[in-house]
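[1] Dropping the sequence and predicted coords here.
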Amino acid sequence: MADSRDTQILLADEESPSPRNVTDRRADLTPRLLTALRFAMLATLVAVVIAVRGLTRVQVEVGEGVCSAQRCYPASQKRLAVMQLLESDVPEGSCRRPPDFCQKDDDHLEYHDCDGDGVLDPYCSSGELLKFGFLSSANGCHSNWPDGFCQKQDEPSYVASLHVVPSPSNEITIIHFNDVYQVAGVFDRGVRKGGMSRAAYVIEQARKRNPDRTFVVFAGDLLSPSVLSDLFEGEQMVDILNYLNLTAASLGNHEFDFGVETLKKRIQYQPGIEESKFPWLNINLLDETGALFPGTSYHKIMDIPFAPRWADTGEIKLTRVCMFGVAYDVRETMFKDRILGGHNHSTELKTWKMKLLLTDDGHVDSVEGELITLTDFDPFSIGLSTASDEHKKVVQWEERGSSELAKKIGCSSVALDARDQHVRQKETNAGNFVSDAVWHMHRTDFALINGGTIRGNKVFPPGDLSKETLTELHPFGNAIVKIYATGAEIKKYIDDSLSCYQTVCGRFVNCAGMRYTFDPAAPPGMRVKTMTSLDGRPILDSTKYTVALTDYMLSESSLSSNQLYNMVTMNDAIPLVEAFFNAVASAGSSCIAPALDGRMLHV
């Protein structure tokens, strides 16, 4: 007979990075007994169900039926069949959509019985600040935009949902995520994906299923980087995570982006003065006296009710919460019960098979990990209390951020030409402004910024500049990476970028710190005619230089494997727009006045 006494789980931090010596190390959720799992959490959570005797999986159903107001995506191919199914079970609503209802590019129209009267209502979800609303057939077709949560849960499901089936008494669920910078999720092809509203809903459903034995752990990198964090120094991230009722969190390298004193404020856990309402774990980060960094603790011990004892280690199982890299995971995980790690941003679909050793009565039957995807085109079925509170808090921070972004930070005494046809084929003052801003901020030999990075497709008039206006120049969130590159590699990079010059493809290179001449009609390898530094000296093929460019263009180019310069990992990249903000703010009342100087010449 298995012992039904309480089992203790010990959560402990393992080697959180030093602010001055951050290495690309991270561990993942890899049980000692079975598998290794890795994931990206701008839009994903990982749920691990550990069954002491038997396993019931947390099931996730993802449907594929959403069209925007302007277009349908490939994932919408089943929409017609799905809607026919819904319409066969629930009569179509009588509410006519007003002409302006759900018509923006990032709006998504669906039909749901949101008010419970048996009639399908037009339901709109928008990427703009995560707004929602429906026309209520039960209430005279009244529109409750922008916070009309669709409460109906029992219609045929084609949105992401967790089946809340009670778990066995011997099952433990751990939900683990890391590297979260955006409270409202991210945009992909005009669709907002992920976001803490969805995360709160998924976590809440998991807790309903296994209320006493579900643990939510964050593995580091929270306070930065993002536009909101640039405004509020990560305060919004802690505030949002407080609503998730975390079991514990670990420090990551980005927790130090605003300095030690700001970090101390963010992680205070004492009643009455806390910003964080959850504990931060830390084992190797000490202050100048040798004491553990203020606001952190070595471990957290929790009692788990009615869980049979596990074999080998008596009544205590050890779980590490840390920041490691993939290679370190493989080496270390066989010596830990499980590791909840952060730092990497990729999903590693790798499994290492290990020998499973059981005692005669087999105390551990299975350990299984599963990705819970938060990126699906669902209407955010988060009408439940905790999730809706989380959503309202997200909207409050986004609106507060919008208000801050609208404030003037400087001015331009000249119009900025950011028209696509120009920035993608020739020198413009907007291209020079962007390139120079990156060059001055990152202090590399050269900055190479492709024309497709610069958006707006208009001439910005002279006058006051706000962060909101500057963000129009680059609304995507790309970051700047610094690398070493030889003159020959730089020449090939620019030459390759001219391969689609005639189609205005966006690869055309704007530069700072150097000049070049080009002939896009020349054969490949001969399109770049000359390259010189600003003082006229030729850029030599064999000489190694330092270069700043966007993470996107680096990943798409022949330079993708080059050594990083003054960066420990790619995760240390700084958002591109911060260079814009710094350049305008530094000019102050003098105003920026970028001009043409002949740095890129078509010959």
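    Yep, it's here.

[2] C-alpha from now on. contacts and neighbour counts both.
    OK.

[3] List the contacts of the nearest residue to residue 424 once chain neighbours are set aside.
    Nearest residue to residue 424 in three dimensions, chain neighbours excluded: residue 451, at 4.4 Å (C-alpha to C-alpha, 6 or more residues apart in numbering). Under the criterion of C-alpha atoms under 8 Å, 6 or more residues apart in numbering, the contact list for residue 451 reads 420, 423, 424, 425, 431, 506, 507, 508, 509, 510.

[4] how far away is residue 451 from residue 404?
    Using C-alpha to C-alpha, to the nearest Å, one gets 28 Å for the distance from residue 451 to residue 404.

[5] show me where the stretch 501-603 of the chain has strands.
    Counting by DSSP state E, counting those that start in this stretch, the segments of the stretch 501-603 of the chain that form strands are 509-512, 514-518, 528-533, 544-550, 574-575, 600-602.

[6] deepest of these, which one?
    Highest mean neighbour count of the strands of the stretch 501-603 of the chain: strand 509-512, a mean of 29 (counted as mean count of other C-alpha atoms under 10 Å).

[7] Can you name the residues in contact with that strand?
    423-424, 427, 431-432, 435-436, 439, 446-451, 494, 497, 599-600.

[8] how about 6 Å then?
    Here strand 509-512 makes contact (C-alpha atoms under 6 Å, 6 or more residues apart in numbering) with 435, 436, 446, 447, 448, 449, 450.

[9] lowest-confidence helix or strand of this protein?
    Least confident helix or strand, the chain: strand 60-61 with a mean of 27, by mean pLDDT, DSSP states H and E.

[10] Can you tell me which of the contacts of residue 451 is closest to residue 556?
    Using C-alpha to C-alpha, residue 507 comes nearest to residue 556 of the contacts of residue 451, at 10.2 Å.

[11] sorry, back to before: so how far is residue 438 from the residue nearest to residue 424?
    To residue 438, residue 451 is 14 Å away according to C-alpha to C-alpha.

[12] same check, this time on residue 268
    Where residue 438 is concerned, residue 268 sits at a distance of 35 Å (C-alpha to C-alpha).

[13] which phi and psi does the closest residue to residue 397 other than its chain neighbours have?
    Closest residue in space to residue 397, ignoring its immediate chain neighbours: residue 236 at 6.6 Å, by C-alpha to C-alpha, 6+ apart. The phi/psi pair for residue 236 (degrees, to the nearest 10) reads phi -70, psi -30.

[14] residues near residue 236, how many?
    25 (other C-alpha atoms under 10 Å).

[15] From residue 398, how far out is it?
    Noted for residue 236: a distance of 9 Å to residue 398, by C-alpha to C-alpha.

[16] same deal with residue 404?
    If you measure residue 404 against residue 398 using C-alpha to C-alpha, the figure is 10 Å.

[17] host element of residue 199?
    Per DSSP states H and E: residue 199 is located in helix 196-209.

[18] For stretch 495-502, measure first residue to last.
    Stretch 495-502: ends 14 Å apart by C-alpha to C-alpha.

[19] Quick one: mean pLDDT for it?
    The pLDDT scores in stretch 495-502 average 96.

[20] what helices or strands is the longest helix seen in the chain leaning on?
    Longest helix of the chain, by residue count under DSSP state H: helix 385-405. If contacts are counted by 3 or more C-alpha pairs under 6 Å, 6 or more residues apart in numbering; DSSP states H and E, helix 385-405 sits against helix 196-209.

[21] quick one: buried residues of the helix it packs on?
    Buried residues in helix 196-209, counting neighbours by 16 or more other C-alpha atoms under 10 Å, are found at 196-209.

[22] ok, now stretch 463-480?
    Within stretch 463-480, the residues that count as buried by 16+ other C-alpha under 10 Å are 465-480.

[23] cool, and stretch 492-508?
    492-499, 501, 504-508.

[24] Tell me where the model's unsure across this structure.
    Segments of the chain classed as low confidence (criterion: pLDDT under 70) are 1-94, 105-106, 126-130, 147, 149, 151-165, 169-170, 185-194, 269-273, 304-388.

[25] Domain-wise, how is it divided?
    7-62+159-400, 67-143, 408-602 (automatic domain parsing).

[26] a helix runs through residue 265, doesn't it?
    Yes - applying DSSP: H, G, I helix; E, B strand; the rest coil, one finds residue 265 inside a helix.

[27] so what's it closest to, chain neighbours aside?
    Nearest residue to residue 265, sequence neighbours excluded (C-alpha to C-alpha, 6+ apart): residue 275, at 6.9 Å.

[28] likewise residue 592?
    Excluding the flanking residues, the one nearest residue 592 by C-alpha to C-alpha, 6+ apart is residue 412, at 4.7 Å.

[29] Tell me what the one you found is bridged to.
    Assessed by DSSP bridges, residue 412 has beta-bridge partners residue 463, residue 592.

[30] Is it in contact with residue 463, as I believe?
    Yes - at 5.3 Å, residue 412 counts as touching residue 463 under the criterion of C-alpha atoms under 6 Å.

[31] thinking again about what came up before, turn the contacts of strand 509-512 into TSV, including distance to residue 564.
    As requested, the contacts of strand 509-512 are exported to TSV (distance: C-alpha to C-alpha, whole Å):
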residue	distance to residue 564
435	19
436	20
446	14
447	14
448	15
449	17
450	19
